[in-house]
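Novice: A structural model of the following input is requested.
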Amino acid sequence: MPALWIAHVTVTDDASYAEYAALAGPAITKHGGHFIARAGRYVQLEGKERPRNVVARFESVEAAEACYHSPEYQEALAHARGASERELLIVETSE
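Specialist: As a prediction, the model looks like this:
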């Protein structure tokens, strides 16, 4: 079943987060991820507001999780730690 990688982010260090974004996009694409939404317009209805929201589609939960644990994504993530507050989850779709 396909899966969605959903991130909700507040950037606290623009320069470091830009380094993350430059590496993360290619890492996600390399592992079969396809961006559906990336920092677009949103409406916060409940919960903690995070001004940057990203959704990527993968072929499975396992593929998305493998991407997260890959050396390429972990290299990118090193730049996001300390440069953002974020929540990230993977959810299987019903498609």
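Novice: What ranges does the chain have for its helices?
Specialist: Assigned by DSSP state H, the helices in the chain fall at 14-30, 61-69, 71-80.
Novice: Looking at the ones you listed, which is nearest to Thr93?
Specialist: Evaluated with CB to CB, the helices of the chain place helix 61-69 nearest to Thr93, the distance being 9.6 Å. In this view, the C-beta of every residue, glycine as well, is placed from N, C-alpha and C.
Novice: what's the model's confidence in that closest one, averaged?
Specialist: What helix 61-69 shows for mean pLDDT is 98.
Novice: And stretch 20-32, by the same measure?
Specialist: 96.
Novice: before we move on, the earlier item: I'd like the helices of the chain written out as TSV, with mean neighbour count and distance to Leu88 added.
Specialist: Formatted as TSV, the helices of the chain follow (neighbours: other CB atoms under 10 Å; distance: least, CB to CB, whole Å):
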stretch	mean neighbour count	distance to Leu88
helix 14-30	16	11
helix 61-69	16	8
helix 71-80	16	10
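Novice: closest to Ile90 out of the ones you listed?
Specialist: So among those, helix 61-69 is nearest, using CB to CB, at 4.5 Å.
Novice: Off-centre distance for the closest one?
Specialist: Mean-position distance between helix 61-69 and its chain equals 11 Å (CA atoms, centre = their mean, to the nearest Å).
Novice: Now do that helix: everything it contacts.
Specialist: 1, 3-5, 27-28, 30-33, 56, 58, 73, 88, 90-92 (CB atoms under 8 Å, 6 or more residues apart in numbering).
Novice: hang on, the earlier thing: minimum distance to Pro51: which of the helices of the chain has it?
Specialist: helix 14-30 (11.8 Å).
Novice: From the contact counts, what lies against the closest one?
Specialist: The criterion is 3 or more CB pairs under 8 Å, 6 or more residues apart in numbering; DSSP states H and E, and the helices and strands that helix 14-30 contacts are helix 61-69, helix 71-80.
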